[in-house]
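K.L.:
Provided below for reference: sequence and predicted model.
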Amino acid sequence: MAETQIIQEEQISTKELFQKIVKFFKLIGSEWRLLLISIAIGTLGSIIFDIKNFKESQYYGELHFNLESGSSNQNAMGSFAGIASAFGVGNMGGSQSNDLFSGGNFTSVISSKALYERALMKEVVVNNRKVLFINYYKDSSDISRKEWAGDWFKAANTEAIKFRFRPKSPDQFSKPENEIVTAIYEKLVKQTSMAPLDKNGSIMVLSANTNSEMLTKIWLETLLKTLEEFYIEVRTKKTKEIYDIQVSRLRELEGKLSSADRQLAITTYQNLNAVDPTAPMRQQQQNRNNSFISNQYYTQMASVENLRMLLIHQTPLFTMLQPVRLPLIRKDYIIGGSSKLGALLGFFICVVFIIFRRTYQELVS
């Protein structure tokens, strides 16, 4: 008897479930006009969204590189570490505090405006013709058709579109030039990113996404080259300054040694037939002077050579592991591509509204 009662309860529950499902579909069917309107609104909204966010075909490229610091290994530096300490270059083997390129600073450096300005003002070769990258970007990107095109509320920035940059230092930019560079920087920094290939590794991935395949390739190569030059400049700046001072001192001693050699030769020649008893003493004095300057000159030459080798050891090594190769990955944007999602969203919202409205009516009545 108990088993028969359980079966009957299950049959009743199943029957009620089917009745509720049928009731639900009848309710939805009775509101078909509202459903069609919601689906149409959802579809129209998705089309408007596609139009507002429409982009030209985008080309994605990336390159992989590894950076090895030239001054990180004390054993590799050997005697040059002592030379560095003698000239006050710093601790060649120990860790450096507040390092500009350490930790998270590295990604901040590559997205800094100072580095981008250097890259924008570099000459690049396009179709066997040299051109400033900033002019090439203005001509090849969609910035003239987007940010500077104007709309109903503001006029097109024709001055920025027509302006042509000439080679100069970023410090010499005029106010209009700074405004153009800032606009390009803000657009480019959103199109460019860098991240480690593996969180536990040192290989970095530099990527960019622009509306031109060649522009993406040239930009990645130019930015990496600029980063390499900037990194080397910062790492070797102090040693380079000391090296230039020592080279200048070497040139000065070279001039003094040449003068001392000439004086010694003249004195030696004059003493061949000299009757002056002080002549041998003057020649001896010239010999001592020449010997002293010679020792200084060769010592300075050794110091300059050691500093030159130190510069080589301090220079970081950029290793390209995966260059940018054409063709790049292309992504196309189409109007209406999200219409199905919009229609489905409109349908879902309408169904939820119908259910809540019917539930409210049943509670009130």
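P.N.:
All right, it came through fine. Residues are numbered from 1 along each chain as shown.
K.L.:
for the closest residue to Lys331 other than its chain neighbours, phi and psi?
P.N.:
Spatial nearest neighbour of Lys331, excluding adjacent residues (C-beta to C-beta, 6 or more residues apart in numbering): Gln58 at 4.8 Å. Any C-beta I mention is one placed from the backbone N, CA and C, and that applies to glycine too. Main-chain torsions, Gln58, degrees, to the nearest 10: phi -110, psi 140.
K.L.:
Gln58: neighbouring residues, count only.
P.N.:
Residues lying near Gln58 (other C-beta atoms under 10 Å) number 19.
K.L.:
Over to the one 10 residues further on?
P.N.:
Neighbouring residues of Glu68 were enumerated by other C-beta under 10 Å; the total is 11.
K.L.:
what's the spacing between Ala40 and Phe347?
P.N.:
10 Å (C-beta to C-beta, to the nearest Å).
K.L.:
higher neighbour count, these two?
P.N.:
Phe347 (16 against 13).
K.L.:
thinking that one is in contact with Leu35, fair?
P.N.:
Yes - counting by C-beta atoms under 8 Å, Leu35 is a contact partner of Phe347 at 6.5 Å.
K.L.:
residues contacting Ser111?
P.N.:
Val189, Thr192, Met194 (C-beta atoms under 8 Å, 6 or more residues apart in numbering).
K.L.:
What segments of the stretch 251-365 of the chain are strands?
P.N.:
317-322, 329-331 (DSSP state E, counting those that start in this stretch).
K.L.:
Who are the packing partners of the longest one?
P.N.:
Spelled out, that is strand 317-322. strand 58-68, helix 213-270 (3 or more C-beta pairs under 8 Å, 6 or more residues apart in numbering; DSSP states H and E).
K.L.:
Tell me the buried residues in it?
P.N.:
For strand 317-322, a neighbour-count test (16 or more other C-beta atoms under 10 Å) marks Phe318 as buried.
K.L.:
List the contacts of that strand.
P.N.:
Glu62, Leu63, His64, Phe65, Asn66, Leu67, Glu68, Gly70, Ile203, Leu224, Glu228, Tyr231.
K.L.:
In a markdown table: these, plus pLDDT and distance to Glu254.
P.N.:
Output for the contacts of strand 317-322, formatted as a markdown table (pLDDT from 0 to 100; distance: C-beta to C-beta, whole Å):
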| residue | pLDDT | distance to Glu254 |
| --- | --- | --- |
| Glu62 | 92 | 51 |
| Leu63 | 92 | 45 |
| His64 | 91 | 47 |
| Phe65 | 87 | 41 |
| Asn66 | 84 | 41 |
| Leu67 | 76 | 38 |
| Glu68 | 72 | 36 |
| Gly70 | 51 | 29 |
| Ile203 | 85 | 46 |
| Leu224 | 91 | 40 |
| Glu228 | 86 | 34 |
| Tyr231 | 83 | 33 |
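K.L.:
Any chance you could spot the residue sitting in the middle of this structure?
P.N.:
Ile110 (3.7 Å; C-alpha atoms, centre = their mean).
K.L.:
wait, doesn't that residue sit right on Ser207?
P.N.:
No - between Ile110 and Ser207 there is no contact under C-beta under 8 Å: 11.5 Å.
K.L.:
Identify the contacts common to these two.
P.N.:
Met194.
K.L.:
any idea how far Glu62 is from Glu213?
P.N.:
13 Å.
K.L.:
looking at the helices and strands packed on strand 317-322, which one has the lowest mean pLDDT?
P.N.:
Ranked by mean pLDDT, the helices and strands packed on strand 317-322 bottom out at helix 213-270, with a mean of 82.
K.L.:
Report the inter-axis angle for that one versus strand 317-322.
P.N.:
Using axes from the mean of the first three to the mean of the last three C-alpha atoms, to 10 degrees, one finds that helix 213-270 and strand 317-322 are set 150 degrees apart in direction.
K.L.:
roughly how far is helix 213-270 from the heart of the chain?
P.N.:
Distance of helix 213-270 from its chain centroid, counting by C-alpha atoms, centre = their mean, to the nearest Å, is 29 Å.
K.L.:
Ok, stretch 321-330 next?
P.N.:
The mean C-alpha position of stretch 321-330 is separated from the chain mean by 17 Å, C-alpha atoms, centre = their mean.
K.L.:
what kind of secondary structure is Leu206 in?
P.N.:
strand (DSSP: H, G, I helix; E, B strand; the rest coil).
K.L.:
Name the nearest residue to it, sequence neighbours excluded.
P.N.:
Met194 (4.8 Å).
K.L.:
Thanks a lot, see you next time.
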